[in-house]
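Chemist: Mind looking at a prediction? Sequence and model below.
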Amino acid sequence: MTTVLLVRHGLTATTGQVLTGWTPGVSLDERGRAQAKALAERLAPVPLAAIVTSPLDRCRETAEAIAAHHDGQPVELTVDERVGECRYGDWTGKPLAELVKDPLWPVVQAHPSAVRFPGPAGESMLDMQHRAVTAVREWNDRLGKDATYVVCSHGDVIKAIVADSLGLHLDQCQRILADPCSLTVIRYTPMRPFVLRMNDTGGGVADLVPRPADNAEAAKTAENTETKGDADAANATETAARAAAAESDAVIGGGAGSAGG
């Protein structure tokens, strides 16, 4: 099961006041740097196969903090424009207090799937969702089913990815929150994604660290497949297929928590 840790960048001086969009040179402020450091320390024990980041400064700085505090092997940052901010076109750089008076504002709130932001550089929210979800799915395939990795992105982008994982229409994404430096975790299985947490700004991460028993079982299955004959290999393949189906099953009753296995 591939586990994606979606991280929104930390606070900047204009967060919540100006629609920054793709404006260059917007960095984390002192609060944002403290948030990024705190999140990085929380994620330090989690094995990471990759850190993928939006090219914008505020995301790169957040991602760099995570990489710098990682306890395991060094993790290289990879920039992927597909998880970059929505391109807000003529709205970019305008104060939110001004934008709430725009006739497009209530459409963004209630029907984001119908929105294309004004101006030649404006992007539709559907196109933004498509590129971001495509990026996550491709990274899942590239890194493999046992990987855990970080995607450092932006609020609207994260909300769009979560909506897709929940099987929600994009118009429902405004019911989802992604606060600065929050952690949202999605586990992708062969059948469906599971949202493990959303908008987490302080929880523990013990449940995100692979259990030794899981690693031992995976190694045993691989060894059996490599060393046995055709019939046994077929049985091992069938067992692996059943295991893949089982990991996609929803837990009846809601589950017993991370300690319950």
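Modeler: Yep, it's here. It should be emphasised that the depicted structure is a prediction, and the values quoted were computed from it without experimental measurement.

Chemist: Might you list the low-confidence residue ranges for this structure?
Modeler: Residues of the chain that meet the criterion pLDDT under 70 lie in 213-261.

Chemist: Show me the strands in it, by range?
Modeler: Assigned by DSSP state E, the chain shows strands spanning 2-8, 50-53, 77-79, 148-153, 183-188, 193-200.

Chemist: Show me the protein divided up by domain.
Modeler: Per automatic domain parsing, the domain ranges recorded for the chain read 2-208, 212-260.

Chemist: could I get those domains as TSV with mean neighbour count?
Modeler: Bear in mind the C-beta positions are built from the backbone N, C-alpha and C, glycine included. Output for the domains of the chain, formatted as TSV (neighbours: other Cβ atoms under 10 Å):
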stretch	mean neighbour count
domain 2-208	18
domain 212-260	11
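
Chemist: For Val115, see how far away Pro212 is.
Modeler: 47 Å (Cβ to Cβ, to the nearest Å).

Chemist: Which parts of the chain are helices?
Modeler: 30-43, 57-68, 96-99, 105-110, 125-143, 155-165, 212-227, 230-247 (DSSP state H).

Chemist: Show me what the first one is packed against.
Modeler: This means helix 30-43. Packing partners of helix 30-43 (3 or more Cβ pairs under 8 Å, 6 or more residues apart in numbering; DSSP states H and E): helix 57-68, strand 183-188.

Chemist: Mind doing that once more with 10 Å?
Modeler: strand 2-8, helix 57-68, strand 148-153, strand 183-188 (3 or more Cβ pairs under 10 Å, 6 or more residues apart in numbering; DSSP states H and E).

Chemist: could I have stretch 91-107 exported to PDB, CA atoms only?
Modeler: Extracted C-alpha coordinates of stretch 91-107, given in PDB (Å, rounded to 0.1, in the frame of the first residue of the first chain):
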ATOM      1  CA  TRP A  91      -6.900  37.000  -9.200                       C
ATOM      2  CA  THR A  92      -3.200  36.500  -8.400                       C
ATOM      3  CA  GLY A  93      -1.800  39.000  -5.900                       C
ATOM      4  CA  LYS A  94      -5.200  40.500  -5.000                       C
ATOM      5  CA  PRO A  95      -6.400  40.900  -1.400                       C
ATOM      6  CA  LEU A  96      -9.000  38.300  -0.300                       C
ATOM      7  CA  ALA A  97     -11.100  41.200   1.100                       C
ATOM      8  CA  GLU A  98     -11.400  42.500  -2.500                       C
ATOM      9  CA  LEU A  99     -12.000  39.100  -4.100                       C
ATOM     10  CA  VAL A 100     -15.000  38.200  -1.900                       C
ATOM     11  CA  LYS A 101     -16.800  41.000  -3.800                       C
ATOM     12  CA  ASP A 102     -16.100  39.400  -7.200                       C
ATOM     13  CA  PRO A 103     -19.200  37.700  -8.800                       C
ATOM     14  CA  LEU A 104     -16.900  34.600  -9.300                       C
ATOM     15  CA  TRP A 105     -16.300  34.200  -5.600                       C
ATOM     16  CA  PRO A 106     -19.600  32.400  -4.700                       C
ATOM     17  CA  VAL A 107     -19.100  30.100  -7.700                       C
END
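
Chemist: Could you check how far it is from the centre of its chain?
Modeler: 27 Å (Cα atoms, centre = their mean, to the nearest Å).

Chemist: ditto for stretch 199-217
Modeler: On Cα atoms, centre = their mean, the centre of stretch 199-217 falls 16 Å from that of its chain.
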